[in-house]
Every structure is written in structure tokens, then in C-alpha cells.
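**Q** Curious how this folds, go ahead:
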Amino acid sequence: MKKYKTVDEYLDDFSGETKKKLVMIRETIQKMVPEATEKISYGIPTFYLNGNLVHYAGFKNHIGFFPGAAPLREFEKDLTDYKTSKGTVQFPLSQPLPLELIKKITLACVERNQIKKK
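**A** Predicted structure coming up:
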């Protein structure tokens, strides 16, 4: 697995629909949570605010979104159209990104990290 130093470097390795959707996630979260910083964690782009908020990554047929297990349980009803595992949801490249859902999950992660900070 290639080791990336920056999110830009990671994104530059993609093209087409995958890159477009990765950039959409990045820009959406940057606008929602401007105080969050970006880093590479676990080899993929990560937003950080009082701890890791969410990770995201590009794959051959989907975008992986990694908010952790608790948010996926919280939004279980909203995620029935997507493949999920313990802390991951897969958004197929063949479908539009559910940006409103990504926003709701990310805000839940911000709240979780604010509580942990206290």
C-alpha cells in the first residue's frame, strides 16, 4: 500500500468519478466543519477535531466512508440502501453521493467528539 503524506497527494492518485466524489466529500465536510483539520490516518484521508471525525477512501467500485460503529447504528435506517460493516459504509460509484446523509453523520461525529473532549 502506498504511503501518502497529504490528502492532496492521496486525491491526486484518483481520476474520473472516484476523484470527483472524493473531492465532493472533502469540500462538503470542509464547509460544514471548517475548524477540523485534515490528515492521513490509516493510510486514508481523515478529518480530525478533538479526535478522528471521519475517514473516507476511494475504491474500484465505491467510496468508503468510515465514521465508526456508533454513528452507523444511529443512522441505521438511513443506510439500508448501502452496504455497511462495523464502522464503514460503501457508497457505490454508480449512484449519486448522499451528501445530506454524509453531513448528518459527520455532525453526529462532531458532537460525539465534543462530548469526549469534556
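**Q** So which residues of the protein form helices?
**A** 7-12, 16-32, 69-74, 99-117 (DSSP state H).
**Q** chain center to the first one: distance?
**A** Looking back up the chat, that one is helix 7-12. Helix 7-12 sits 14 Å away from the centroid of its parent chain (Cα atoms, centre = their mean, to the nearest Å).
**Q** which outside residues touch that helix?
**A** 4, 19, 22-23, 26, 38-40, 44-45 (Cβ atoms under 8 Å, 6 or more residues apart in numbering). No exception for glycine: its C-beta is placed from N, CA and C like everyone else's.
**Q** now swap in the last one and tell me
**A** Taking Cβ under 8 Å, 6+ apart as the criterion, the residues outside helix 99-117 that touch it are 24-25, 28-29, 32-33, 36, 47, 49-51, 53-54, 65, 67-68, 70-71, 74-75, 78-79.
**Q** Type out the PyMOL command that picks the buried ones from the residues you listed.
**A** The PyMOL command for the buried members of the contacts of helix 99-117 (criterion: 16 or more other Cβ atoms under 10 Å) is given here:
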select buried, resi 25+28+29+33+36+47+49+50+53+54+65+67+68+71+74+75+79
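**Q** picking that back up, quick one: which of the contacts of helix 7-12 has the most company?
**A** Pro45 (26 neighbours; other Cβ atoms under 10 Å).
**Q** Now do Met1, the pLDDT please.
**A** Looking at Met1, its pLDDT reads 67.
**Q** Lovely, talk soon.
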